[in-house]
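Enquirer: Sequence first, then the predicted structure, then my questions.
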Amino acid sequence: TAAMKKEKEMLISIKNALIEGEKVLRFNDIESPRLESELLLAFILGIPRFHLVLNNSECISQIQMSRFMDLIVKKTFRIPTAYLMGFQEFYGRKFQVSPAVLIPRPETEELVEWILKEKKSCKNVLDLCCGSGCIGITLSLETKVDNLFMSDISSSALEVAKINEKILGNNTTVQFIQGNLFENITVNSFDLIVSNPPYVLEHEYALLDKEVKNFEPGLALLVENPEQFNWRLVSGAWEHLQNEGTFFMETNPVFLESLSGMLKNSGFDEILVQQDLSQKNRFIRAVKRRQ
């Protein structure tokens, strides 16, 4: 019938929807327009991205197309894709994200990998400046952790971490603490403290991509007085770790020399620096040993 024919004409194939999305993104100078188009359409359809290629002749509904194009338009304003979808994959799991937290990065997975190589089980773990909770939660799911403490200065970031802990679940006892670094942390028998704190300098912040600068929380990125901040981190870690406890940190390559000195002066041992995916010195580890 004419109505069925009209309805068929209104339907759009996955292939053409992707072309349409890519065209709009390319026109607006969005990086990797094809990839972004695929990510957003796969999200709308609730299917893995590779399924788009396998089923590119299949049609999507008008409602799906409308929702897809709505996200495409939002993407032209350079809103991070993870915020548009509401999640980011980290170590094989989907972590909920919002503009209250930094989007988990692949480099941080490298830090988790390093910790897992060294720590097969932990009694008490502190994830300091936890954000979405991706480090602490991943560690508690990948190895034996009895008690996990997650701390952040931002109450809205902690709310996101709580959601992730609830969704991803584990057998670990979890406590959430709001405070500035070690401010409200009363436990001083951690065998592991890990931190991915703010470490972007002001002049670096000005040069960040618009996606990061305009949408991700400045509180989780910017560090105003790095010497003072890092000293509070190091001295707090020494105070709250038990003997033989380990401190791991992700940081700015420019801080590593002074951080190494601080750790040594505090009494830490086995200080080791490791590179990230782009061969930049990014992570540091130190062990507390009382003489």
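Expert: That came in fine, so what should we check first? Computed from a predicted structure; not experimentally measured.
Enquirer: From Gly46, how far off is Met85?
Expert: 11 Å (Cβ to Cβ, to the nearest Å). Using the backbone N, CA and C atoms, a C-beta is placed for each residue, glycine as well.
Enquirer: Which one's more surrounded, the two?
Expert: Neighbour count, other Cβ atoms under 10 Å: between Met85 and Gly46, Met85 has more, with 16 against 8.
Enquirer: what's the burial count for the closest residue to Asn252 other than its chain neighbours?
Expert: Leaving out its chain neighbours, the residue that sits closest to Asn252 by Cβ to Cβ, 6 or more residues apart in numbering is Tyr199, at 4.1 Å. Residues lying near Tyr199 (other Cβ under 10 Å) number 23.
Enquirer: Who are the contact partners of Ile167?
Expert: Gln96 (Cβ atoms under 8 Å, 6 or more residues apart in numbering).
Enquirer: Look up phi and psi at it.
Expert: Main-chain dihedrals, Ile167, degrees, to the nearest 10: phi -70, psi -50.
Enquirer: For stretch 237-252, buried residues please.
Expert: Neighbour-count burial for stretch 237-252 flags Ala237, Trp238, His240, Leu241, Gly245, Thr246, Phe247, Phe248, Met249, Glu250, Thr251, Asn252 (criterion: 16 or more other Cβ atoms under 10 Å).
Enquirer: What of stretch 25-33?
Expert: Leu25, Ile30, Pro33.
Enquirer: just checking, Thr173 touches Met150?
Expert: No: using Cβ atoms under 8 Å, Thr173 is not in contact with Met150; the gap is 11.6 Å.
Enquirer: So for the two, which residue has more residues nearby?
Expert: The neighbour comparison of Thr173 against Met150 (other Cβ under 10 Å) goes to Met150, with 27 against 12.
Enquirer: Now the helix or strand where that one lies: buried residues?
Expert: Counting by DSSP states H and E, the element that carries Met150 is strand 144-152. Across strand 144-152, burial judged by 16+ other Cβ under 10 Å covers Val145, Asn147, Leu148, Phe149, Met150, Ser151, Asp152.
Enquirer: residues contacting the last one?
Expert: So the one you mean is Asp152. Cys129, Cys130, Gly131, Leu158, Ala161, Gln178.
Enquirer: Now do the helices in the stretch 101-250 of the chain.
Expert: For the stretch 101-250 of the chain, the helices defined by DSSP state H, counting those that start in this stretch cover 106-118, 134-142, 155-168, 202-205, 210-215, 226-240.
Enquirer: In a markdown table: the buried residues of strand 144-152, plus distance to Ala17 and pLDDT.
Expert: Formatted as a markdown table, the buried residues of strand 144-152 follow (distance: Cβ to Cβ, whole Å; pLDDT from 0 to 100):
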| residue | distance to Ala17 | pLDDT |
| --- | --- | --- |
| Val145 | 44 | 94 |
| Asn147 | 48 | 95 |
| Leu148 | 42 | 96 |
| Phe149 | 45 | 97 |
| Met150 | 40 | 97 |
| Ser151 | 43 | 98 |
| Asp152 | 39 | 97 |
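Enquirer: circling back to that earlier point, ok, which of the helices of the stretch 101-250 of the chain comes nearest Gln279?
Expert: Nearest to Gln279 among the helices of the stretch 101-250 of the chain is helix 106-118 (11.3 Å), distances taken as Cβ to Cβ.
Enquirer: counting contacts, what elements does the closest one pack onto?
Expert: Where contact means 3 or more Cβ pairs under 8 Å, 6 or more residues apart in numbering; DSSP states H and E, helix 106-118 is packed against helix 134-142, strand 190-195, strand 241-250, strand 281-288.
Enquirer: got the angle for it vs helix 134-142?
Expert: 40 degrees (axes from the mean of the first three to the mean of the last three Cα atoms, to 10 degrees).
Enquirer: What are the buried residues along helix 106-118?
Expert: Applying 16+ other Cβ under 10 Å to helix 106-118 flags Glu107, Thr108, Glu109, Glu110, Leu111, Val112, Trp114, Ile115 as buried.
Enquirer: Now do that helix: distance to the chain's middle.
Expert: 13 Å (Cα atoms, centre = their mean, to the nearest Å).
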